[in-house]
Every structure is written in C-alpha cells, then in structure tokens.
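Novice: Pasting the sequence and the predicted coordinates here, then a few questions.
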Number of protein chains: 2
Amino acid sequence: MNGLKSLTERQAAVYNFIVEKIQNRGYGPTVREIAEEFGIRSPNGVMCHLKALEKKGAIRRSPHKSRAIELVHDSVQRERGLVLAGRVAAGVLHEAVEQNERIDLGDMFHGPNLFALEVSGDSMIEAQIADGDYVVVREQPTARIGEMVVAETDDGDATLKYWYPEKNRIRLQPANSSMRPIYVQNARIRGVIVGVVRKIG
Amino acid sequence: MNGLKSLTERQAAVYNFIVEKIQNRGYGPTVREIAEEFGIRSPNGVMCHLKALEKKGAIRRSPHKSRAIELVHDSVQRERGLVLAGRVAAGVLHEAVEQNERIDLGDMFHGPNLFALEVSGDSMIEAQIADGDYVVVREQPTARIGEMVVAETDDGDATLKYWYPEKNRIRLQPANSSMRPIYVQNARIRGVIVGVVRKIG
DNA sequence: CATAACTATAGTCATTTGTACACTAGCTCC
DNA sequence: GGAGCTAGTGTACAAATGACTATAGTTATG
C-alpha cells in the first residue's frame, strides 16, 4: 500500500530514525546526525540513503536547506479515524466496496479494533438509534446477553440487534415494537456497539 | 489556560507562521525565512521574537542548530476537541464549573464555535436523544423554525428543545409526548444542535 | 518623567550543514 | 565481464544559518 516494502533494511532504519526525530523532537535530523546514529563516518554515506529514499518516494527534500526532510507518507498523522465499513440495515449488511472512507471521532472513539457502520432503517429506533446514524462497533466474536451487536446469520445477512441466546436458538431482538424478533440457529457476532454518532443538518 | 494569551500580536503572528510551516511543510522555518515573511530586514529582528517566544514557553530551541524549533504546546494537536460546557436538562443548564473538560470528536465535529453538552433527562427522547448523550452545539444567536436549540429563558434557565417562534410568544417544544411545550415571551438562543454522540458500555 | 518591554535596522562572525568529488567493495542480473 | 544498485570512507568547499553587538524608535507602565 505505501510502497515502503521496497526499502532495504538499512534504508528503512534510516527512514524510521527520521520519522522518530520528527515525531518526538519536532524537527528532523541533519545528515551528520543520521551519520552519527548509524556509525556512518562520512556524510556522503547518508546522502546515498537520502537520495535512495527520495527516489523511492518515502521523503521529499529541498536542496541546500538544512533539516529540510519532508515525510511523504506522514503515516502517523493520517491514520486517525475509524474505517467506515458500510451500512447495516435491518436486513443485509452492505459492506462498503471502498474501505478508504473513514470517520474521525477523535479520542472519544479510537482503537485498532473499532470500526463504524452507517445505520439503515428504524429497527433500533427505541434504542435511540435512527436511520442515518453511525454506530461505532468494537470487533469481537462474543457478547453478553442483551448487548447490542452486529450479527451475521448463516445466509450471510448482517443486522443490528440485541443479542439474546436462548436454549436452542438465538433471538435477535429489534428495538422497535412494530417489528418481531428474528430467531436463528446460528449467528456470528461481528462486534458489539459501543457508540452512536449522529450528524444533524 | 495555555498561556499563549500573553503573546503580543506580533509574536503570535510569528508563532502561527512557525506552526503553519511545521504542519504544512513538515519542517520549521529558518530565522531568515521568518524575516522575509514578515518583511523584517534583519535576522536579529526575528531573534528577538524567538527569544520572547522561548521565554514565554511557546517554543523550545536548541542553540546553534538550524530550524531547531520545537513547539511546546503543540497546540494544533492538543487543542483538538470541544469544550464540554456542562449539562443541559429539561430544566436548568448546569454550566460546568471547570471548563477544562473536553471531548475530542475528531474531524466529524470540530470548529471554534462548537461545544458539547451532556444531556440530562428524557425531554428529547423521541428525537432519539437520551439521558447521558452528548449534544454538539454550534454557537449562534438565531435559528430557523423547528430546529433543535439550546435556549435560555428570562429566568436564566436553559433547555434543549425544538424552536417554534409564534405570534406573541415562543414555543419550546420537547420531543416527548408525555411533556407539554413551554411558552415564553423571550428566549435567547445559545446555539443549534448539530450532532449527537452516545457512548455505550 | 523614567524605565521597561517590544520591535526593528545594519552588519559581522562562527558554526552548521548540504553537496560534490574521488575511490572502494559487495551483490545481482543479463 | 560489465552495468546497476547498495553501502560505504575521506576530504573539501560553499552556502545556509544562528548568534552577536551596537543602535534606536515606539508604546506602556509606574
């Protein structure tokens, strides 16, 4: 995805050192700082690496400027946000074809195992979740009784419901008194709902 | 709070320029780049500002290094989030004593005129806003008919309601069929609701 | 009014820093 | 075997850059 795989081991080490300096210290290293870090005794040894990194698109530089190393990928800053994985309806979970879409909910909701789904339909309206809302889902394979989950049934449909395992079946309970619960033999939990976000206007 | 208020206008301008360069270009400016930007014809003119900024704690510098300006506050990153201004009930708006509390909703909700309120009570339950939810409010003195607002009446009470101005009065309409609308002669709009966020579990 | 703080000009100096050149050496691929 | 890539050493140089001194106008502040 980011093309950094094509870097050699040494180049990657240099790149990581540069990133680390920029992140932790706020400004990048000089050629000689890099040389010292890696025990390279000539500025030109570093120049070779920088030229290689620039050619491979990892960094950008301005000639004759000190510390003027610009990170092209800037990965640490751009990875904020949750993957918007698609829409979940009373019926089918429409997985987003393009998983590039992200919504950034800041510190409130973030983590490697969280993702977001847009809600379609009013099956959870009495749980104060309306059509068009986003639910934040923590990816996990189990849930406690009564938790709201994104569940996938045998026929591949996914749905947003309360999770009630019973003796020989599973009851998927909507929060809408005009709808009836769904009973299935098997269902796989995709995740548990940990948040709701609505944008108005 | 962050002490940046004590900066002079000129110093703040220089500081903002530095921040902008670091954010957009990835590395900070040199003394002479700052001088050129502000039409200062001597490096020493800038040195004075940098010394002042360092003394006031806005930046940190390493002597004899080029572009070695470190942002202490890193304000762009730390000023994320909305002020959690208090709780708004069917009744009184309890303004938070400590306005330090912030909730970070990322790119989804951010801006200088946005703040958040925790909802207390079920007066807007049929608008899918429950007790304990947070509403995101855009601060503004007017609203269109039917918009959901935070309104403050003459007696100082603030409330979360639909906004319906009528001929000789204002109707503040709850979204709860077991509650009656409130009619007042005057009411001041604190802001319009632009979002709802709920954390579950 | 005096003092401090802020802002600025002009010019100089020493250091930092990127760049270039010459040369070496190992490795892969055709 | 040569071309190309990687990874260096060592030296030298010029440009970039921060730091400094001296001087001075302005605006607050007491």
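Specialist: That came through, no problem.
Novice: quick check, A:Val135 in a strand?
Specialist: Yes: with DSSP: H, G, I helix; E, B strand; the rest coil as the criterion, A:Val135 is part of a strand.
Novice: For it, give me its contacts.
Specialist: By Cβ atoms under 8 Å, 6 or more residues apart in numbering or on different chains, A:Val135 lies in contact with A:88, A:116-117, A:119, A:129, A:150, A:160, A:193, A:195-197. (Each C-beta comes from the backbone N, C-alpha and C, glycine too.)
Novice: Among those, pick out the one closest to chain B, please.
Specialist: A:Val196 (4.2 Å; Cβ to the nearest Cβ).
Novice: In contact with that closest one, which residues are there?
Specialist: So A:Val196 contacts A:128-129, A:133-136, B:196-198, B:200 (Cβ under 8 Å, 6+ apart).
Novice: The longest helix anywhere in chain A relative to helix B:9-25, how many degrees between them?
Specialist: Assignment by DSSP state H gives helix A:9-25 as the longest helix of chain A. Our comparison of helix A:9-25 with helix B:9-25, counting by axes from the mean of the first three to the mean of the last three Cα atoms, to 10 degrees, yields an angle of 160 degrees.
Novice: chain center to helix A:9-25: distance?
Specialist: 23 Å (Cα atoms, centre = their mean, to the nearest Å).
Novice: That helix: which residues count as buried?
Specialist: A:11, A:14-15, A:17-19, A:21-22 (16 or more other Cβ atoms under 10 Å in any protein chain shown).
Novice: Now do the helices in chain A.
Specialist: A:9-25, A:31-38, A:43-55, A:75-78.
Novice: sorry, back to before: quick one: which of the contacts of A:Val135 is nearest to DNA strand C?
Specialist: Relative to DNA strand C, the closest of these is A:Ala116; by Cβ to the nearest atom of the strand it sits at 41.5 Å.
Novice: Correct me if wrong: the closest one contacts A:His110.
Specialist: No: between A:Ala116 and A:His110 there is no contact under Cβ atoms under 8 Å: 11.0 Å.
Novice: between those two, which one's more packed in?
Specialist: For A:Ala116 versus A:His110, the count of surrounding residues by other Cβ atoms under 10 Å in any protein chain shown is larger for A:Ala116: 22 against 16.
Novice: Could you point out the longest strand of chain A?
Specialist: Ranked by residue count and defined by DSSP state E, the top strand of chain A is strand A:187-199.
Novice: So which of the contacts of A:Val135 is the closest to A:Gly57?
Specialist: A:Ala116 (30.3 Å; Cβ to Cβ).
Novice: Bridge partners for the closest one, pull those for me.
Specialist: Applying DSSP bridges to A:Ala116 gives these bridge partners: A:Leu84, A:Val136.
Novice: per-residue confidence for it?
Specialist: According to the prediction, A:Ala116 has pLDDT 87.
Novice: Could you do A:Asp74 as well?
Specialist: For A:Asp74, the predicted pLDDT is 50.
Novice: what does the one 5 residues further on give?
Specialist: Model confidence at A:Glu79, expressed as pLDDT, equals 47.
Novice: what does A:Pro165 give?
Specialist: 94.
Novice: does it really touch A:Ile145, like I thought?
Specialist: Yes: with contacts counted by Cβ under 8 Å, A:Pro165 reaches A:Ile145, the gap being 6.6 Å.
Novice: circling back: quick check: the farthest pair among the contacts of A:Val135?
Specialist: Maximum pairwise distance among these (Cβ to Cβ): 15.4 Å, between A:Val150 and A:Val197.
Novice: tell me the domain ranges of chain A?
Specialist: Following automatic domain parsing, chain A resolves into domains at A:4-76, A:80-197.
Novice: deepest of those domains, which one?
Specialist: Burial of those is given as mean neighbour count (mean count of other Cβ atoms under 10 Å in any protein chain shown); domain A:80-197 ranks first at a mean of 17.
Novice: what does chain A put close to DNA strand C?
Specialist: Contact residues (Cβ under 7 Å from any atom of the strand) of chain A with DNA strand C: A:30-33, A:42-44, A:47, A:50, A:61, A:63-68.
Novice: Now with 10 Å, please.
Specialist: When proximity is defined as Cβ under 10 Å from any atom of the strand, chain A approaches DNA strand C at A:27-35, A:42-48, A:50-51, A:54, A:61-69.
Novice: Of those residues, which fall within the contact range of chain B?
Specialist: Within the set of these, contact with chain B (Cβ under 8 Å from any Cβ of the partner chain) is found for A:27-28, A:30, A:65-69.
Novice: what's the closest of these to B:Ala187?
Specialist: So of those, ranked by how close each gets to B:Ala187 (Cβ to Cβ), first place is A:Tyr27, at 51.9 Å.
Novice: and that closest one, what does it touch?
Specialist: A:21, A:67, B:22, B:27-28, B:67-70.
Novice: rerun that using 10 Å as the cut-off
Specialist: A:21, A:66-67, A:69, B:22, B:26-28, B:61-62, B:65-71 (Cβ atoms under 10 Å, 6 or more residues apart in numbering or on different chains).
Novice: just A:Arg61 next, same as before
Specialist: Contacts of A:Arg61 (Cβ under 10 Å, 6+ apart): A:28, A:50-51, A:53-54, A:67-70, B:27.
Novice: 6 Å instead, please
Specialist: A:54, A:68-69 (Cβ atoms under 6 Å, 6 or more residues apart in numbering or on different chains).
Novice: Many thanks, have a good one.
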